[in-house]
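> The amino acid sequence is not available; the structure is as follows:
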């Protein structure tokens, strides 16, 4: 079974960090593509090894990614 999940990738220092907010799993890489691929691998390992209870406890059914504008300074 496949599942669509969210991947948020951001630059951190000389590399990139990728986060899946639905299950709070993260990974990193030297490029956006590598960080995304490493996150996919980390997620696969999570779903292969976590108990059903752990998956149920961590899995969020709704995650919204949006941008907001606020005054700064």
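Looks like it arrived, so ask away. Being a predicted model, the structure only gives us computed values, none of them experimental.

> Which secondary structure element of the protein has the lowest mean pLDDT?
Least confident helix or strand of the chain, by mean pLDDT, DSSP states H and E, is helix 52-58 with a mean of 95.

> Would you mind listing the outside residues contacting that helix?
Residues outside helix 52-58 that contact it (C-beta atoms under 8 Å, 6 or more residues apart in numbering): 23, 24, 47, 50. (C-beta placed from N, C-alpha, C; glycine too.)

> Next, format those residues as CSV and append secondary structure and distance to residue 15.
Below are these laid out as CSV (DSSP: H, G, I helix; E, B strand; the rest coil; distance: C-beta to C-beta, whole Å):
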residue, secondary structure, distance to residue 15
23, coil, 22
24, coil, 20
47, helix, 25
50, coil, 26
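
> which of these sit farthest apart?
Of all pairs drawn from the contacts of helix 52-58, the widest gap by C-beta to C-beta lies between 24 and 47 and measures 13.3 Å.

> out of the two, which sits in the busier spot?
Neighbour totals were compared for residue 24 and residue 47, and residue 47 leads with 16 against 11 (other C-beta atoms under 10 Å).

> Leaving out chain neighbours, which residue sits closest to that one?
residue 55 (6.8 Å; C-beta to C-beta, 6 or more residues apart in numbering).

> What is the neighbour count of that neighbour?
12.

> do the same with residue 56
Neighbours of residue 56 (other C-beta under 10 Å): 9.

> That one and residue 48, how far apart?
To residue 48, residue 56 is 16 Å away according to C-beta to C-beta, to the nearest Å.

> now residue 41
Distance of residue 41 to residue 48, given as C-beta to C-beta: 11 Å.

> For the two, indicate the residue with more neighbours.
residue 41 (11 against 7).

> The more buried one belongs to a helix?
Yes: applying DSSP: H, G, I helix; E, B strand; the rest coil, one finds residue 41 inside a helix.

> Just give the closest residue to it, not the sequence neighbours.
Nearest to residue 41 is residue 27, by C-beta to C-beta, 6+ apart, at 7.2 Å.

> Perfect, that will be all.
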